[in-house]
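**Student:** next comes the sequence, and after it the predicted model I'd like to discuss.
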Amino acid sequence: MQRTKATTWAQDMAERLGLDEQVVLPYGRDKAKVSLEALKGRSGRGKLILVSALTPTPAGEGKTTVSIGLAQGLQKLGEKVCLALREPSMGPVFGRKGGATGGGKSSIVPGESINLSFNGDFPAITAANNLLAAVVDNALFYHTTRLDQNKVTWKRVMDMNDRALRHIVVGLNKNGVPREDGFNITPASEIMACLCLAEDRADLRRRIDNIVVGFTAEDEAVYAREFGVTDAMLAILREAINPNLVQSVEGVPAFVHGGPFANIAHGCNSVIATKMALSCADYAVTEAGFAFDLGAEKFLDIKCRQSGLAPDAIVLVATIRALKMHGGVDKGMLDAPNAEAVQRGLPNLQAHIESARLYGRPVIVAINRFAALDTEEELQTVRQFCAREGVPCEVADVFGKGGEGATALAGRVVESIKAGTPAPFSPLYGLDIPVEERMRCIAQKIYGADDVVLTSAARKKLALLEKNGLTDLPICMAKTQNSLTDNPALRGRPSDFVITVRDFEIANGAGFLVALCGDIMRMPALPKIPAAADFRVDDDGNISGMKG
């Protein structure tokens, strides 16, 4: 709508989304939170579009950029559309990857605010997590818990990449209880997962109560509810549970809420935000972190299983540059035309197409075009491959053209959704089979592995969890994002490999069991020259140098 002097941004957004103005809570001039009250009494539900991608490479894939561009393309076609995206973590912002607000003419704004502690959500999650950690150590000091000090599993978190904090010793003073400990990054916190999977405040309370913080000397599970601070944690999270509302550069409303990583957690934005987007629009576009084997599999087998959500279409993003890297081309040679390398890289895309089809939803390939670099021969190589696979394929020039560059993709997605009613959604595996069979199902059907093997330490931990009745849960496979295997050096579509599970972590409150594969860490590290070194702030507070 045309904004008048008497009309605030929040009022504009409330009218655009069909919401009562009272549920849109302004956070400054260009962002807001939306109260959970917005979901009450809203019976409508739009179509859900899940955006995923092929295996990431240093060349970039642009999944978020395509998600935003696709939503803008749908708006160009006259559709009522809303975005449901994750919040960025400051770890990657200051580390190697950069921010997560899209790029060029397919971005969400205000980018700096979204990338840096957006509306206080990550600090609140960090504080709630660390309150529980502090109370646990306090109970150990006063001997008011049945918890064994050597069997505490609850870790502290911070929203920063810091390898020095992976393994530490706490309590090294006369007023402490010395024990080994460590930090995870905030997106790996179970509080993050609980908030993102909760349906409402009551559900969040239940999930926090059910968190396992460690075990007794007799190997009995000890729960967060035993420490009496659930209400204090809920108080910290009182505003963080409300989804954040911003918009794209072309005015598409965007709920940006929650930010678990897909390589070490379940990798999806909040259930509340997704349902809010669906209640406000005919089409909701969401994404899941990294490639289909990580974020999308967890979206479908964890988030959808728990929430009753199900996508109506799946979009897989590919770039010519990434396909060349999967075809064996070094990063420094990607600008040179090489249709043969694109052809060699296509098996990686094929693997993700085959995985996506397992869930019985229409699959569409989006080629995220680098307009000045991608040749017509290279683009045609991908089009011909998709035609042979029977998968619709459209080029999306969304960085340079915004929604106008995604109208063909948007039209193809709508066409695919309207073509027929899919069968009722069914996860990849049931929970009535053993844990090893669940992992084997994921590894063989999604990764293409021959088998899953458990180290002796992993078997010991699994036996402990089984003893406590903590294994009747979906599996969150924590593995490298850089390969279908658990070896980050293996690009393309490897064969003849096994997935090695070295340990398990229980996320009982969130409702999943984490299997740690290969060398994956839940606290990332900074590169030799972190992205933080490129930041500049002028005397007026303007930020430059942030990676997109």
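**Tutor:** Looks like it came in fine.
**Student:** buried sites along the biggest strand by length in the chain?
**Tutor:** Longest strand of the chain, by residue count under DSSP state E: strand 498-507. For strand 498-507, a neighbour-count test (16 or more other Cβ atoms under 10 Å) marks I499, T500, V501, R502, D503, F504, E505, I506, A507 as buried. (C-beta placed from N, C-alpha, C; glycine too.)
**Student:** partners of it in the sheet?
**Tutor:** Under the criterion DSSP bridges, strand 498-507 sits next to strand 451-454 (parallel), strand 512-517 (antiparallel) in its sheet.
**Student:** how near is G328 to A291?
**Tutor:** Distance of G328 to A291, computed by Cβ to Cβ, to the nearest Å: 18 Å.
**Student:** neighbour count winner among those two?
**Tutor:** A291 (30 against 14; other Cβ atoms under 10 Å).
**Student:** low-confidence ranges in this protein?
**Tutor:** 1-7 (pLDDT under 70).
**Student:** how about a cut-off of 80?
**Tutor:** 1-7, 42-44, 548 (pLDDT under 80).
**Student:** what residue spans form the domains of it?
**Tutor:** 121-236, 435-517 (automatic domain parsing).
**Student:** can you redo those as a markdown table with distance to V66?
**Tutor:** Shown next, in a markdown table, are these (distance: least, Cβ to Cβ, whole Å):
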| stretch | distance to V66 |
| --- | --- |
| domain 121-236 | 22 |
| domain 435-517 | 17 |
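**Student:** G91 is nearest to which of those?
**Tutor:** With Cβ to Cβ as the measure, domain 121-236 is the member of the domains of the chain nearest G91 (4.4 Å).
**Student:** now do the same end-to-end measure for the closest one.
**Tutor:** Length of domain 121-236, first residue to last, Cα to Cα, to the nearest Å: 10 Å.
**Student:** now the two most distant members of the buried residues of strand 498-507.
**Tutor:** Pairwise over the buried residues of strand 498-507, using Cβ to Cβ, the maximum falls at T500 and A507, 20.5 Å.
**Student:** that older thread, any idea which of the strands paired with strand 498-507 is most buried?
**Tutor:** strand 512-517 (a mean of 25; mean count of other Cβ atoms under 10 Å).
**Student:** which residues sit against that one?
**Tutor:** With contact meaning Cβ atoms under 8 Å, 6 or more residues apart in numbering, strand 512-517 is reached by 193, 264-266, 302, 435, 439, 458, 465, 470-471, 473-480, 486, 499-507, 522.
**Student:** could you do stretch 220-227 as well?
**Tutor:** Under Cβ under 8 Å, 6+ apart, the answer for stretch 220-227 is 132, 135-136, 139, 145-147, 154, 208-216, 230, 468, 470, 508-509.
**Student:** what number of residues lie near T8?
**Tutor:** By other Cβ under 10 Å, neighbour count at T8 equals 14.
**Student:** what separation is there between L526 and A489?
**Tutor:** Separation of L526 from A489 (Cβ to Cβ) stands at 20 Å.
**Student:** mind telling me what element the residue in the chain sticking out farthest from the centre is part of?
**Tutor:** Most distant residue from the mean C-alpha position of the chain: K174, 41.7 Å away (Cα atoms, centre = their mean). Per DSSP states H and E, K174 falls between elements, in no helix or strand.
**Student:** mind checking how far it is from F141?
**Tutor:** Taken as Cβ to Cβ, the span from K174 to F141 is 11 Å.
**Student:** ok, now A128?
**Tutor:** 21 Å.
**Student:** so where do the strands sit in the stretch 251-400 of the chain?
**Tutor:** 253-256, 283-287, 313-318, 363-368, 393-396 (DSSP state E, counting those that start in this stretch).
**Student:** same thing with the stretch 101-250 of the chain?
**Tutor:** Going by DSSP E, counting those that start in this stretch, the stretch 101-250 of the chain shows strands at 102-103, 106-109, 156-158, 168-170, 179-181, 183-185, 212-215, 221-223, 244-248.
**Student:** nearest to A387, out of those?
**Tutor:** Nearest of these (Cβ to Cβ): strand 106-109, 26.2 Å.
**Student:** circling back to that earlier point, next, format the strands of the stretch 101-250 of the chain as JSON lines and append mean neighbour count.
**Tutor:** Converted to JSON lines, the strands of the stretch 101-250 of the chain look like this (neighbours: other Cβ atoms under 10 Å):
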{"stretch": "strand 102-103", "mean neighbour count": "26"}
{"stretch": "strand 106-109", "mean neighbour count": "24"}
{"stretch": "strand 156-158", "mean neighbour count": "23"}
{"stretch": "strand 168-170", "mean neighbour count": "14"}
{"stretch": "strand 179-181", "mean neighbour count": "15"}
{"stretch": "strand 183-185", "mean neighbour count": "24"}
{"stretch": "strand 212-215", "mean neighbour count": "22"}
{"stretch": "strand 221-223", "mean neighbour count": "20"}
{"stretch": "strand 244-248", "mean neighbour count": "26"}
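**Student:** with distance to A198 added, can I get those strands in CSV?
**Tutor:** Output for the strands of the stretch 101-250 of the chain, formatted as CSV (distance: least, Cβ to Cβ, whole Å):
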stretch, distance to A198
strand 102-103, 27
strand 106-109, 23
strand 156-158, 18
strand 168-170, 29
strand 179-181, 27
strand 183-185, 20
strand 212-215, 17
strand 221-223, 17
strand 244-248, 16
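**Student:** wait, which of those is closest to E37?
**Tutor:** strand 244-248 (13.8 Å).
**Student:** that closest one pairs with which strands, parallel or anti?
**Tutor:** Those paired with strand 244-248 in the sheet (DSSP bridges) are strand 32-34 (antiparallel), strand 106-109 (antiparallel), strand 253-256 (antiparallel).
**Student:** and those strands: which comes nearest A202?
**Tutor:** strand 32-34 (18.5 Å).
**Student:** pretty sure A458 contacts E505?
**Tutor:** No: in this structure A458 lies outside contact range of E505 using Cβ atoms under 8 Å: 10.8 Å.
**Student:** let me see the contact set for S117.
**Tutor:** Per Cβ under 8 Å, 6+ apart, neighbours of S117: M90, P123, D159.
**Student:** swap that for S67, please
**Tutor:** Contacts of S67 by Cβ under 8 Å, 6+ apart are V51, L83, L85, G102, V285, T286, E287.
**Student:** for the first one, phi and psi?
**Tutor:** Backbone geometry at V51, expressed as degrees, to the nearest 10, gives phi -110, psi 130.
**Student:** what is the burial count for it?
**Tutor:** V51: 27 neighbours (other Cβ under 10 Å).
**Student:** quick check: bridge partners of it?
**Tutor:** E287, V315.
**Student:** so how far is S52 from the residue nearest the centre of the chain?
**Tutor:** The centre of the chain sits closest to G267, judged by Cα atoms, centre = their mean, with a distance of 2.4 Å. Distance, G267 to S52, by Cβ to Cβ: 10 Å.
**Student:** for the closest residue to D148 other than its chain neighbours, give its distance to L465.
**Tutor:** Nearest non-adjacent residue to D148, counting by Cβ to Cβ, 6 or more residues apart in numbering: A217, 4.6 Å away. Here A217 is placed at a distance of 17 Å from L465 (Cβ to Cβ).
**Student:** next one: R207
**Tutor:** 18 Å.
**Student:** higher neighbour count, these two?
**Tutor:** Set R207 next to L465 and count neighbours by other Cβ under 10 Å: R207 wins out with 24 against 20.
**Student:** ok, the more buried one touching C194?
**Tutor:** Yes: taking Cβ under 8 Å as the definition, R207 is a contact partner of C194 at 4.0 Å.
**Student:** mutual contacts of these two, please.
**Tutor:** With Cβ under 8 Å, 6+ apart, R207 and C194 have common neighbours G509, A510.
**Student:** show me what counts as buried in stretch 310-328.
**Tutor:** In stretch 310-328, counting by 16+ other Cβ under 10 Å, buried: 310-327.
**Student:** what's the span of that stretch from first residue to last?
**Tutor:** Termini of stretch 310-328 sit 36 Å apart (Cα to Cα).
**Student:** from the middle of its chain, how far away would it be?
**Tutor:** Distance, stretch centre to chain centre, for stretch 310-328: 17 Å (Cα atoms, centre = their mean, to the nearest Å).
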